[in-house]
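Trainee: this is a predicted model, with the sequence first.
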Amino acid sequence: PRWALESDAMAARPRCALCGESGDCASELMSIGGVLQSIGPLLGPFGHDTYVHRLCALWSPEVYHENDKIRNVMAAVRRGKQLKCSLCGMRGATVGCC
């Protein structure tokens, strides 16, 4: 059936290891601190098959830029797997609550 093909295609799309959203959100706007901005494209793969959005990675305290590369992404992903978001309850949170 058609729905099976669509669900298979959705399952094959990479998801951000930090926010869980699939695909490239470069054209979507989100409200971040009251300011509308894009969370950016999926970057990767990091490790074997790990992808993250640019801003999802940069909000993680252990992630930094060096020579136009994003470093310590996998450390953030590992830490995020241990933490739950206080809003949605899903694992992957790397930004502390204020």
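Mentor: Sure thing, it's come through.

Trainee: which residues touch Gly44?
Mentor: 14, 50-52, 73 (CB atoms under 8 Å, 6 or more residues apart in numbering). Glycine gets a C-beta too; all of them are placed from N, C-alpha and C.

Trainee: count of neighbours near the nearest residue to Leu18 once chain neighbours are set aside?
Mentor: Beyond its immediate neighbours in the sequence, the residue positioned closest to Leu18 (CB to CB, 6 or more residues apart in numbering) is Cys56, lying 4.0 Å away. For Cys56, the count of nearby residues is 28 (other CB atoms under 10 Å).

Trainee: rounded mean pLDDT for the helix or strand hosting Cys56, please.
Mentor: Using DSSP states H and E, Cys56 falls within helix 54-58. Mean pLDDT, computed over helix 54-58, is 88.

Trainee: stretch 85-92 now?
Mentor: The model assigns stretch 85-92 a mean pLDDT of 81.

Trainee: how long is that stretch end to end?
Mentor: One end of stretch 85-92 sits 7 Å from the other (CA to CA, to the nearest Å).

Trainee: buried stuff in it?
Mentor: 85, 92 (16 or more other CB atoms under 10 Å).
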